[in-house]
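Chemist: sharing a model that was predicted from the sequence below.
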Amino acid sequence: MAKYIEFVGVPGVGKSTTYEFLKTKYEKNSNWIPYEELCKSNAEHRKGIKEFIIAFIIKKIKPGASSKASPDRILLNRAIAAHPELISLFWKTISKVENSKGEELRFYGANYIRAILEKYQRIKEAPSDKYCLVDEGLIHNLNYFTSAGATAGLYEQGSHILSLIELPEAVIYFNGDVNTIVHRTRERRNLRLRDKFLTPSELLRSRRESIQEKQVHMELVKSCKIPVLCLEAKDSVKVKANRIISFVKELG
């Protein structure tokens with residue numbers, strides 16, 4: 001299994017922008033590699049929502065499916081078979097996911113997690129000794145497996161979930177003040193479905209809650225003795241990228 005390093009941070013903190021910049025700096029002699037480069041021969045295929053509803057929500061994707069299934073289907077079958085309790089937790093929480101207008105987001109949320117599971121399985125099966133950089137993996141998305149509004153039990157729930165997955169070699173955590181994060185979020189051309197109908201005050205509250213949640217997740221990661229590099233949203237992309245490259249080199 002290739003080792004992996006996950007990027008974690010709330011939307012608008014500059015996480016994905018930094019990741020995309022790092023992809024342009026990748027060199028073959030680096031001890032790190034972007035996920036897309038590691039698995040470029042098996043590029044992730046995002047299925048259309050109609051196909052997804054048929055194949056995943058209606059649960060036609062099952063471990064041990066026919067050998068005639070597509071490579072993506074077979075890969076996902078292996079990921080599901082390797083994480084039965086994690087999948088069970090996911091199905092218990094996904095039915096409650098909706099936006100501020102009461103529109104169900106479970107189809108999109110399940111498709112998103114499906115793509116992450118496929119990504120992790122590809123990394124797991126990749127013959128590489130490099131550190132694979134992953135933007136928005138399972139640790140970033142622990143909220144998809146925890147009960148909504150259960151702040152008091154978030155640490156305990158998160159700790160249990162971490163015991164069910166293959167942990168990263170390190171985590172890159174993007175931190176920032178909430179006002180900067182909200183400003184960047186609202187400047188995006190395409191807001192995420194969860195944010196699309198939020199008022200400025202609702203978005204501010206949502207980001208505050210997300211920041212608190214991510215901070216708890218980082219406490220959990222550190223309790224597992226996983227190295228964490230903290231970066232600030234206010235720093236330039238170049239500064240953040242250079243710090244990441246130096247950090248990964250020090251991992252050996």
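Modeler: Structure's in. What do you need? All figures in this text were calculated on a predicted structure; none of them were measured in a lab.
Chemist: quick one: the strands in the stretch 1-150 of the chain?
Modeler: For the stretch 1-150 of the chain, applying DSSP state E, counting those that start in this stretch gives strands covering 3-8, 32-34, 131-135.
Chemist: export those strands to TSV and tack on mean pLDDT?
Modeler: Converted to TSV, the strands of the stretch 1-150 of the chain look like this (pLDDT from 0 to 100):
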stretch	mean pLDDT
strand 3-8	96
strand 32-34	96
strand 131-135	96
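Chemist: would you reformat these as JSON lines and include distance to residue 71?
Modeler: All C-beta spots, glycine's among them, are computed from the backbone N, C-alpha and C. As requested, the strands of the stretch 1-150 of the chain are arranged in JSON lines below (distance: least, CB to CB, whole Å):
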{"stretch": "strand 3-8", "distance to residue 71": "21"}
{"stretch": "strand 32-34", "distance to residue 71": "21"}
{"stretch": "strand 131-135", "distance to residue 71": "19"}
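Chemist: out of those, nearest to residue 247?
Modeler: Comparing those against residue 247 with CB to CB, the closest turns out to be strand 3-8 (8.7 Å).
Chemist: what's that closest one packed up against?
Modeler: helix 15-25, strand 131-135, strand 170-175, helix 200-223 (3 or more CB pairs under 8 Å, 6 or more residues apart in numbering; DSSP states H and E).
Chemist: nearest to residue 186, of those?
Modeler: With CB to CB as the yardstick, what comes closest out of the helices and strands packed on strand 3-8 is helix 200-223 (7.1 Å).
Chemist: would you mark the buried spots in the closest one?
Modeler: 203, 204, 206, 207, 210, 211, 213, 214, 217, 218, 220, 221 (16 or more other CB atoms under 10 Å).
Chemist: could you single out the nearest of those to residue 164?
Modeler: When the buried residues of helix 200-223 are compared against residue 164 (criterion: CB to CB), the nearest one is residue 220, at 12.8 Å.
Chemist: now do that closest one against residue 142, distance only.
Modeler: 8 Å (CB to CB, to the nearest Å).
Chemist: what touches both of those two?
Modeler: Common contact partners of residue 220 and residue 142 (CB atoms under 8 Å, 6 or more residues apart in numbering): 158, 162.
Chemist: skipping its backbone neighbours, what lies nearest residue 22 in space?
Modeler: residue 241 (5.2 Å; CB to CB, 6 or more residues apart in numbering).
Chemist: in the one helix or strand the one you found maps to, what counts as buried?
Modeler: Assessed by DSSP states H and E, residue 241 sits inside helix 237-251. By neighbour count on 16+ other CB under 10 Å, the buried set for helix 237-251 is 240, 241, 243, 244, 245, 247, 248.
Chemist: and those residues, which is closest to residue 77?
Modeler: residue 248 (32.0 Å).
Chemist: show the contacting residues for that closest one.
Modeler: Here residue 248 is in contact with 5, 31, 32, 131, 170 (criterion: CB under 8 Å, 6+ apart).
Chemist: which two among these are spaced furthest apart?
Modeler: Going by CB to CB, the pair spanning the contacts of residue 248 furthest: 31 and 170, at 12.1 Å.
Chemist: shared neighbours of these two, anything?
Modeler: With CB under 8 Å, 6+ apart, residue 31 and residue 170 have common neighbours 131, 248, 251.
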